[in-house]
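Chemist: Dropping a prediction and its sequence here:
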Amino acid sequence: MKRNPKQVELDTPTPELVREYIRRFEQSERYYLADQAITKLFGLIPNNEELEDILLKLSVINNLYSTQIFATFEMAQHIKRLRIDPELSKHSTEIVNRIADFSVSGKRRYCFSFATKYCNWHNQEHYPIIDSFVAKLIVAYRNGLVELSVR
């Protein structure tokens with residue numbers, strides 16, 4: 001079977017491979033320090049009661065993860081209206097969908113990737129990040145190959 005030249009075989013996940021990727025991540029100034037900044041921010045502002053707190057957290061995630069939330073103020077208002085803190089403390093998966101289901105100027109959008117990231121930074125143990133990169137990796141591991149995107 002002929003392979004696409006942009007495809008590579010994936011290594012079988014092992015504890016050693018995971019440790020290697022963690023080591024690489026921790027040596028990446030751009031990604032590691034971005035994660036440290038978000039960790040610090042969410043530690044200082046754990047709740048979602050004040051609009052300015054939500055807007056600050058949302059803006060940082062939107063910028064560092066390029067989540068393409070163009071109506072940040074409206075999304076912050078949406079999150080505030082949802083009163084998400086009790087749901088986050090119960091590890092509710094439904095809150096991800098409620099955050100994702102967002103309308104602005106009469107247009108409905110489903111911002112699932114952003115919602116998973118926002119919840120993840122509140123509790124990484126219970127809210128995994130799901131985005132196009134993760135989806136590609138899941139499919140790739142299922143198929144044994146990954147197509148590399150060129151940026």
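Modeler: The structure has been received and is ready for your questions. Numbering: from 1, shown residues only.
Chemist: need the contact list for the residue positioned nearest the centre of the chain.
Modeler: What sits nearest the mean C-alpha location of the chain, by Cα atoms, centre = their mean, is K117, with 2.8 Å. Shown here is K117, whose contacts under the criterion Cβ atoms under 8 Å, 6 or more residues apart in numbering are 61, 65, 67, 129, 131. The C-beta positions use only the backbone N, C-alpha and C, and glycine is treated the same way.
Chemist: are any of those buried, and which?
Modeler: Neighbour-count burial (16 or more other Cβ atoms under 10 Å) is assigned, among the contacts of K117, to 61, 65, 67.
Chemist: In helices, which of those fall?
Modeler: Restricting the buried ones among the contacts of K117 to those inside helices, with DSSP state H as the criterion, leaves 61, 65.
Chemist: and the buried ones among the contacts of K117 as CSV, adding distance to R19?
Modeler: Listed next are these as CSV, based on distance: Cβ to Cβ, whole Å:
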residue, distance to R19
I61, 27
Y65, 24
T67, 29
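Chemist: All set, thanks.
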